[in-house]
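Q: what would the 3D arrangement of this be:
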Amino acid sequence: MENIVCTDFVPKEGWEFLRALEACTGMPWRAVGYNNSGLRKGRASKIGRLSGYVAHAFGLFVHRGKYRRIVAWQQFYGLFFAFFSQIFRVKKRTSLIVMTFIYKEKKGLAGKLYRKFVRTAVCSDYVDALIVFSRHEEEYYAEKLGVGKEKFFYLPLGTHSEVPKERTALPLPEKFFLSVGRSNRDYDFLAALASELPLPVVVLSDSWRPDAVPENLILLANVGGEEYRKVLAACFAVLIPLDDPDISAGQLVMLQAMQFEKPLVVTQSRSAESYLQDGWNALVPPKQKQAFLAAARRLAADGALYGALAKNGLETYVSRHSLAALGTNVGKVVLTRGAFGKDNAL
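A: Got it, this is the predicted structure:
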């Protein structure tokens, strides 16, 4: 039986996360990449992504006898695996760690069905650990879903992106703010104050569909991968307006901005507390129009502050948030829960 990490992309050979996971656990691991991520280009692509999660997870379930341990890098591979296992009442033979767990309530009948699906999976014995990327989520999700807190592990997110050598060819302003991402973003808030920002703001989102794009804001819907990194490298700073302050989101963009030495302005949230210190490695104003505008204006006008935030952000990234650090931390969870123990102290 083998140990696998299921991802929604195809990792490169020598992937740092996998090497660190192997070093920590002393076990061989194989990455199983499904290339199931990417831009959302409409309803069809969204359905295609969901179908991919279901189909690949069902494939893992059918062949579950091959796997001693599964780490689900993309949470839905793990959740659907546990859901199928619970529905068919199979004997548990596989340790399952679900990474990047996020649950946001949905409205109506679809919301009720989604909640039932998530609870069926996470409350089952088939899930041994759920990894979250902000500390408060351990208690938040335990209470929200009625799950024992011992199933949740807070780990600092880790990432790595190559800084591109070439500048983007997109026709963008010489100096601009960047806002990017689809999860838990409040771009309507940003749009309402865009005309008063000291620089134009470029929004990269394939899910935000405003009725009209306001002055001083440029919306690009189909920019990802290497082109996104080129835009990030070219921007002046990164703005992240978060929607629900209790939902974990934005950390990946925060860390990429830090790695690229781009200062951040992020609205206050429980998830940001685990990564950002206001005035040291970011500006973290309350989600109020004047407070957010003041932070953006201060950043644009104060070169010394800009340099300090960039320097401290890079230091934060290097010391705590590399992929190798994440692989090591996940390895500790595997060792703790691989034997189905109850102690979640790392």
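Q: show me where this structure has helices.
A: For the chain, applying DSSP state H gives helices covering 16-25, 43-62, 75-88, 108-122, 137-145, 187-193, 225-234, 251-259, 289-301, 303-320, 323-337.
Q: of those, flag the one that's most buried.
A: helix 251-259 (a mean of 24; mean count of other Cβ atoms under 10 Å). Every residue, glycine included, has its C-beta placed from N, CA and C.
Q: can you put the helices of the chain in JSON lines and add mean pLDDT?
A: Formatted as JSON lines, the helices of the chain follow (pLDDT from 0 to 100):
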{"stretch": "helix 16-25", "mean pLDDT": "95"}
{"stretch": "helix 43-62", "mean pLDDT": "86"}
{"stretch": "helix 75-88", "mean pLDDT": "97"}
{"stretch": "helix 108-122", "mean pLDDT": "95"}
{"stretch": "helix 137-145", "mean pLDDT": "90"}
{"stretch": "helix 187-193", "mean pLDDT": "96"}
{"stretch": "helix 225-234", "mean pLDDT": "93"}
{"stretch": "helix 251-259", "mean pLDDT": "92"}
{"stretch": "helix 289-301", "mean pLDDT": "97"}
{"stretch": "helix 303-320", "mean pLDDT": "94"}
{"stretch": "helix 323-337", "mean pLDDT": "92"}
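Q: can you list those in TSV and add distance to Glu2?
A: Converted to TSV, the helices of the chain look like this (distance: least, Cβ to Cβ, whole Å):
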stretch	distance to Glu2
helix 16-25	12
helix 43-62	12
helix 75-88	15
helix 108-122	23
helix 137-145	30
helix 187-193	43
helix 225-234	30
helix 251-259	28
helix 289-301	49
helix 303-320	30
helix 323-337	14
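Q: the ones you listed: which one's closest to Ala169?
A: Nearest to Ala169, of all the helices of the chain, is helix 225-234, at 8.1 Å by Cβ to Cβ.
Q: what's next to the closest one, contact-wise?
A: Residues outside helix 225-234 that contact it (Cβ atoms under 8 Å, 6 or more residues apart in numbering): 161-164, 166-168, 170, 172, 176, 178, 180, 202, 204, 223, 238, 256-257, 260, 262.
Q: filter those residues down to the buried ones.
A: 161, 164, 168, 172, 176, 178, 180, 202, 204, 223, 238, 256-257, 260, 262 (16 or more other Cβ atoms under 10 Å).
Q: alright, that wraps it up for me.
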